[in-house]
Every structure is written in C-alpha cells, then in structure tokens.
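# Mind looking at a prediction? Sequence and model below.
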Amino acid sequence: MRRYLSKVEKNAPRYLDRTIAVLEKEVWQQTDCLDCANCCKTMTPTYTNKDIKRIAAHLKMTPNDFRTKWLKQERGGDRDWMNKTEPCQFLDPKTHFCSIYEVRPADCAGFPHLSKKFKDFGHIHKQNVEYCPATYRLVEKMREGLVGVGS
Ligand code: SF4
Ligand code: SF4
C-alpha cells in the first residue's frame with residue numbers, strides 16, 4: 001500500500017482529491033471509530049499551545065500543570081508536545097469515548113486527515129495505513145477505483 005501511495009504521489013491522476021472525497025464518504029459509511037479507537041490507543045496527538053490552553057482550562061488546571069502531568073516534548077524536530085503514555089489518558093478504555101471530546105486537540109479532530117489535499121497528506125496516509133482502518137479502506141478503494149495508477 002505504501003508503494004502504491006508513492007506511485008500516486010509521483011503521478012497523481014486528474015481529479016484526485018475529488019475522487020478521494022467520494023471514496024471517503026463510503027469509508028465513513030463502513031467505519032465506526034467507536035469500534036476501533038486504535039489511534040487513541042497506539043498513537044499520540046501533537047498538542048499546539050492553543051490546544052494546551054483550551055484543554056487545561058476545561059480541566060481547571062494551569063497550562064504548566066497540564067504539561068507536567070500529561071505531556072512530554074519531542075526531542076529535536078519541531079519540539080512538539082505529545083502524550084507521555086499510550087493509550088491516551090483521555091480515552092475511556094471501555095466505551096472508547098474521549099473524555100475531552102469537545103476540547104480535544106485539533107490533531108485529533110482532523111485525524112485521519114482523509115479529506116485534506118493528497119499532495120500534503122499522502123505521506124501521513126503512508127504512516128497511518130498500518131494503524132487506521134479508515135485509512136486502510138480509503139487506500140483499498142483508491143487501488144480499486146483510480147484509473148491510470150498501477151497498484
Ligand atoms: S485526546 Fe481524545 S481523541 Fe485525542 S487521542 Fe486522546 S482520547 Fe483520542
Ligand atoms: S484509527 Fe482510524 S478508524 Fe480507528 S478510531 Fe482512529 S480514525 Fe477511526
């Protein structure tokens with residue numbers, strides 16, 4: 001699947017994003033995140049300063065206390081703030097509900113980014129295809145439905 005996505009990146013067919021938008025609708029008809037929660041169990045979101053302020057206020061904590069309690073900063077790279085542990089501390093393991101859903105990080109709200117422009121997010125799909133059934137389904141559908149790109 002990763003090789004296939006690389007081919008699409010190198011040789012994007014016409015109307016790629018429009019086609020993906022149609023396929024994405026089918027993906028969400030067949031995928032229920034509450035049956036899965038694999039992203040919350042196995043990956044960490046990145047937290048922007050805005051996320052941290054909003055979530056800390058929701059939890060009636062200071063941003064500093066929130067960072068100290070739950071987050072660590074990435075070494076090198078963009079020095080992003082990420083969860084210290086996985087699964088995410090805000091995931092209810094039984095119901096798969098997010099206990100801070102209304103104020104969750106923007107990264108969580110946009111995940112798995114299927115509706116974003118493929119040229120900007122194709123490399124993210126390559127990472128996520130192993131963990132996210134919705135991404136996996138989308139790539140499967142792309143392989144079946146995109147004319148002009150060998151699978
Ligand atoms: S904040 Fe909520 S949506 Fe984001 S990883 Fe944690 S449990 Fe999942
Ligand atoms: S891994 Fe993908 S399908 Fe599973 S809960 Fe997360 S976004 Fe939904």
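Perfect, thanks for sending it. Ligands and ions are numbered 1, 2, ... in the order given.
# can you give me the helices in this structure?
Per DSSP state H, the chain carries helices over the ranges 2-10, 16-30, 38-42, 49-58, 63-70, 106-110, 118-128, 133-145.
# Ligand 1 contacts on this structure?
The chain comes close to ligand 1 at residues 40, 45, 88, 90-91, 98, 100, 104-105, 108, as judged by CB under 6 Å from any ligand atom. Yep, even glycine has a C-beta here, placed from its N, CA and C like the rest.
# circling back to that earlier point, and the helices of the chain: which comes nearest D80?
Closest to D80 of the helices of the chain, according to CB to CB: helix 106-110, at 9.3 Å.
# for that closest one, what is the average pLDDT?
For helix 106-110, mean pLDDT is 96.
# Let me see the residues that make contact with it.
39-40, 45-48, 50-51, 98, 116 (CB atoms under 8 Å, 6 or more residues apart in numbering).
# how does it look with 6 Å?
45-46 (CB atoms under 6 Å, 6 or more residues apart in numbering).
# near ligand 2 at all, that helix?
No - Helix 106-110 does not reach ligand 2 (CB under 6 Å from any ligand atom); its nearest approach is 8.9 Å.
# Could you tell me which residues of the chain lie near ligand 2?
Residues of the chain found near ligand 2 (CB under 6 Å from any ligand atom) are 31, 33, 36-39, 111-112, 131-134.
# Neighbour count added to these, as a markdown table?
Shown next, in a markdown table, are the residues of the chain next to ligand 2 (neighbours: other CB atoms under 10 Å):
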| residue | neighbour count |
| --- | --- |
| T31 | 17 |
| C33 | 17 |
| C36 | 15 |
| A37 | 18 |
| N38 | 17 |
| C39 | 23 |
| F111 | 20 |
| P112 | 25 |
| Y131 | 15 |
| C132 | 24 |
| P133 | 19 |
| A134 | 22 |
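# what's the distance between the closest residue to R79 other than its chain neighbours and V22?
Nearest residue to R79, sequence neighbours excluded (CB to CB, 6 or more residues apart in numbering): Q73, at 5.5 Å. Q73 sits 40 Å away from V22, going by CB to CB, to the nearest Å.
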